[in-house]
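Engineer: With the input below, show me the fold.
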Amino acid sequence: MIILRIQTIQYNLTIIDYCNQKLQFSLKIGHILIKVQKISEKDGQSNSQQRDYS
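Structural biologist: As a prediction, the model looks like this:
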């Protein structure tokens, strides 16, 4: 029974680790998208409005 419980805990930790990696990956993509959006906003605006976003 003890061995079975340890395997279950290890399995749960593996799932948690996998979810953390997916979360970090999606956060990185979100960060990149925000950067791209800010750059495209700056391209479409005058210098006075650019200062507000930086």
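Engineer: Ser26: neighbour count?
Structural biologist: 10 (other Cβ atoms under 10 Å). Bear in mind the C-beta positions are built from the backbone N, C-alpha and C, glycine included.
Engineer: Where does it sit, in terms of helix or strand?
Structural biologist: helix 2-43 (DSSP states H and E).
Engineer: quick one: that helix to chain centroid distance?
Structural biologist: Relative to the centre of its chain, helix 2-43 is centred 6 Å away, using Cα atoms, centre = their mean, to the nearest Å.
Engineer: list the helices and strands that helix packs on?
Structural biologist: Here helix 2-43 touches helix 47-53, going by 3 or more Cβ pairs under 8 Å, 6 or more residues apart in numbering; DSSP states H and E.
Engineer: State the mean pLDDT of the helix it packs on.
Structural biologist: Averaging pLDDT along helix 47-53 yields 52.
Engineer: What of stretch 19-27?
Structural biologist: For stretch 19-27, mean pLDDT rounds to 91.
Engineer: which residues sit against that stretch?
Structural biologist: The set of residues external to stretch 19-27 that reach it, using Cβ atoms under 8 Å, 6 or more residues apart in numbering, is empty.
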